[in-house]
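In: sequence first, then the predicted structure:
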Amino acid sequence: MRFARTRRLQLSPIKEIELAAARLPDAVSLAQGIPSFDTPAVIKDYVKEKLDQGVVAKYSLAPGLVELRELVAEHLRRDGMHYDPDGEILITAGSIEGISATLLAITEPGDEVILPSPSYASYQQAIRLAGCEPRFVPLNEERNFDLDVEAIAKRITPRTAAIFYCNPNNPTGTLYTRAQSLRMMELAERHDLMIITDEVYKDFLFGDEPYFTPAQVDAFRRRVVRIFSLSKAYAMTGWRVGYLHSDRAVVAEILKVHDALVTCAPVISQYGAIAALERGEGAVAEFRGAYKRRRDLMLRHLDELSHVFDYQKPTGAYFVFPRIKDTVPLSGDSRRLAFDLLARARVALVPGSAFGPTGESHLRMSYGRDEADIEEAFRRMREYFSRGMGQTAWAGVPSVGQEGAELGATGSPRPTGAAPSRAPGNPLRRALRALAVGYLHALARLYLRRRRPLVIAIAGNRGKTVLKRTLAELLRPHRRTRANPRSYNTEIGLPLAVLGLEIDPRRWRSILRTMARASARAVLGRPPADLLVLELGARRPGDMARLLATVRPDWAIVTPLAGEAVHEPGELAVLREEMAVLCRGLAPERLLLCTEDPLLEDLARQHAGAVRLAPAGLEAVPGGYRVLTARRRYDLGADVVGASAALAVQAAILLGERLGLAPDDIQEFVGRETGLAGRAVAPPAAPPPGRVAAAG
């Protein structure tokens, strides 16, 4: 038997983790993106009627039931798209069949398909099944995993046939903006590329960014294949029905493949789709509200594990894609960590490596599951990470396609007990590493002397990365601002952040290339930055002094030290002393301290004049929150989720004022960040005489 084509394929890691979890009756899964809801009764009742009428037993026309295609065309018109149901709309057996048929129709073996990373795991296999190669382009994690059009342009070669993406994105929950989508379409026009867009999560949007698809632009219709499934919007994953649409000439070619693959979509499911489109909008709205509540619940739990995860707030779909902090054992091997979590905590999560090269060091969590599952999963994870932060590794991680080989007789994974201690490494390697780290710190100091950027330091223990990203987004339109997306708590991290570089310590080429680029950037002072937002990770005595020998901040923000994290005896005292070292180097008025933490309240008393932050001090008003400062009132929307977000928005307001930003610019930003954009905002009112800022 030859299997030449299938040898290039792998079972989806999502299915792999679910197969392993299915063997553990007490496992809680936040892995596979299956809605917790049953298909709405109005859909099931309609289909029962059709069953009784005897109309579901025969094939439909290959493109699908005429009535269903007409309904799809009507729904498309409501969203600003105009497609003929006779020849430009094709009913498919779910989205993945539509994707596979499209790739087989529009590509030739040997073609390349550009795929953002991270993106849904099965896309890679569908591309390979068509005989093509996926060419990964990193999403811009620093900007909430947005499309990087410049990076896409650099990956285009004469063999590139298409760009394929999901919007909102699975696994990051990012909704791509109209501007980014249009720039990508211009790129496709210039290089004669097709665009395949999977919009299965379009009904679950949680921000104020308006929904946009390039299929709404008539000029692009010959170049765009837009695919949708009813699986997620109407809780119909088992029904396997969806649709695609494009220009008539494109759909005619896809129809040939569709007919060869499935003849037609299941007719009983097509009648279910008719009922969904005619009668299911109320259910979609109900699901959307539930997912918003579950998203907020999951983000609050991630806040409690901020010593383990950094996260970005998703604005669509029903996934969160947190980064695992580099202080966590197995952070660089998300697959082993995911299986260790399953083996010891009985929690199923998807390893980030499933979603492309830049997915590594992340885990995907689905809030499509109900609140009880989310609560229990995070209870177990808190316990897991409190017991040595996952240092017991499961050696029995199965190879792909051999999921059962490493399971016990009962189907339970076999933990190995204590992980082997790390080898000390050879002396030469340690010496070379020390030289490299010292050299990078020297280059960072040289860069800072040449460019003299304003430096905002963020230290503490909880919510640093949320705060860093919020400040960077506020300041970028006004100053050349840089803030690396990752959480840097290692000795090598700070100089890399200053120089705007990343490194893969597992690959010598990456190390050598990074060292060469670091030298060039330090000498030339490029990329230029007028303002750096940097995390200063300090956990051991002396850490802060070593960091301050390289970077002298102009402003410092200290986040809470205590919280849900389980600390070793004396650890909080060490953290507090390290924060004191930072505070002693700055004038009090350049310190922002979260004084809800008693350890920082003590520091604030010692540094009279420090700006006080109090996340619980946001004033709740109808439809959102309000912050009063000495200068004006700022209105916020209701989408302030968790203590980290509350701290970040207050710090952005207070520091933005002190850096000279116009109050209207600050208001526009915080309104957009918290869901107020597009809503009427009352004229600003001056604070009452003598009133101190609610957060300052």
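Out: It's in. Numbers count the residues shown, from 1 in each chain.

In: centre of the chain versus stretch 210-222, how much separation?
Out: In terms of Cα atoms, centre = their mean, to the nearest Å, the centre of stretch 210-222 is found 24 Å from the chain centre.

In: what is the neighbour count of residue 572?
Out: The number of residues packed near residue 572 is 16, by other Cβ atoms under 10 Å. C-beta here means a position set from N, CA and C on the backbone, and glycine is covered the same way.

In: list the contacts for it?
Out: Shown in contact with residue 572 (Cβ atoms under 8 Å, 6 or more residues apart in numbering): 561-562, 599.

In: and the helix or strand hosting it, which residues are buried?
Out: Using DSSP states H and E, residue 572 sits in helix 571-584. Buried residues in helix 571-584, counted by 16 or more other Cβ atoms under 10 Å: 572, 574-576, 578-583.

In: and for stretch 49-62?
Out: Under 16+ other Cβ under 10 Å, the buried positions of stretch 49-62 are 50, 56, 60, 62.

In: span of it from start to end?
Out: Terminal residues of stretch 49-62 are spaced 23 Å apart (Cα to Cα, to the nearest Å).

In: how distant is it from the center of its chain?
Out: 42 Å.

In: can you list contacts of that stretch?
Out: By Cβ under 8 Å, 6+ apart, stretch 49-62 touches 47, 91, 255, 258-259, 263-265, 267-268, 270-271.

In: looking at these, which are in strands?
Out: residue 91 (DSSP state E).

In: can you give me the helices in the stretch 1-150 of the chain?
Out: For the stretch 1-150 of the chain, applying DSSP state H, counting those that start in this stretch gives helices covering 13-22, 41-53, 66-78, 94-106, 121-129, 149-155.

In: which of those helices is buried the deepest?
Out: helix 94-106 (a mean of 24; mean count of other Cβ atoms under 10 Å).

In: between helix 121-129 and that one, find me the angle.
Out: 30 degrees (axes from the mean of the first three to the mean of the last three Cα atoms, to 10 degrees).

In: check which helices and strands helix 94-106 sits against.
Out: strand 89-92, helix 121-129, strand 160-166, strand 194-198, strand 224-229, strand 242-245, helix 248-262 (3 or more Cβ pairs under 8 Å, 6 or more residues apart in numbering; DSSP states H and E).

In: quick one: the strands in the stretch 501-650 of the chain?
Out: Ranges of strands within the stretch 501-650 of the chain are 531-535, 555-558, 591-594, 611-613, 619-621, 624-628, 633-636, based on DSSP state E, counting those that start in this stretch.

In: what helices or strands is the third one leaning on?
Out: Spelled out, it's strand 591-594. Against strand 591-594 (3+ Cβ pairs under 8 Å, 6+ apart) you get strand 555-558, helix 598-606, strand 611-613, helix 642-658.

In: please tell me how far the residue at minimal distance from the centre of the chain sits from residue 582.
Out: What sits nearest the mean C-alpha location of the chain, by Cα atoms, centre = their mean, is residue 172, with 3.0 Å. To residue 582, residue 172 is 32 Å away according to Cβ to Cβ, to the nearest Å.

In: and for residue 31?
Out: Distance of residue 31 to residue 582, given as Cβ to Cβ: 40 Å.

In: same deal with residue 623?
Out: Residue 623 is 38 Å from residue 582, by Cβ to Cβ.

In: which positions in stretch 497-510 come out as buried?
Out: 497-501, 503.

In: and residue 616, how many neighbours does it have?
Out: By other Cβ under 10 Å, 9 other residues sit near residue 616.

In: which ones are touching the closest residue in space to it that isn't next to it in sequence?
Out: Excluding its sequence neighbours, the residue lying closest to residue 616 (Cβ to Cβ, 6 or more residues apart in numbering) is residue 596, at 6.2 Å. Residue 596 is in contact with 560, 613-616, counting by Cβ under 8 Å, 6+ apart.

In: tell me which of those residues is nearest to residue 152?
Out: residue 615 (38.1 Å; Cβ to Cβ).

In: my guess is the closest one contacts residue 641. True?
Out: No - using Cβ atoms under 8 Å, residue 615 makes no contact with residue 641, being 11.6 Å away.

In: domain map for this protein?
Out: 13-37+286-394, 58-282, 427-591, 614-696 (automatic domain parsing).

In: am I right that residue 353 sits in a helix?
Out: Yes - assessed with DSSP: H, G, I helix; E, B strand; the rest coil, residue 353 lies in a helix.

In: what's the neighbour count on it?
Out: 22.

In: pLDDT wise, what is residue 647 at?
Out: At residue 647, the model reports a pLDDT of 92.

In: that should have said residue 403, apologies.
Out: 34.

In: quick one: low-confidence residue ranges for the stretch 551-696 of the chain.
Out: 563-569, 677-696 (pLDDT under 70).

In: quick one, what contacts residue 639?
Out: Contact partners of residue 639, counting by Cβ under 8 Å, 6+ apart, are 206-207, 313, 673-675.

In: just give me the closest of those to residue 434.
Out: The nearest member of these to residue 434, counting by Cβ to Cβ, is residue 313 at 38.8 Å.

In: and that closest one, what element?
Out: Applying DSSP H and E, one finds residue 313 in no helix or strand.

In: looking at the protein, which helix or strand is least sure?
Out: helix 508-524 (a mean of 86; mean pLDDT, DSSP states H and E).

In: isn't there a helix covering residue 461?
Out: No - applying three-state DSSP, one finds residue 461 to be coil, outside a helix.

In: hang on, residue 272 packs against residue 46?
Out: Yes - Residue 272 is within contact range of residue 46, at 7.5 Å (criterion: Cβ under 8 Å).

In: any figure for the gap between the closest residue to residue 102 other than its chain neighbours and residue 196?
Out: Take residue 102 and drop its neighbours on the chain: the residue closest to it by Cβ to Cβ, 6+ apart is residue 225, 5.0 Å away. According to Cβ to Cβ, residue 225 stands 5 Å off from residue 196.
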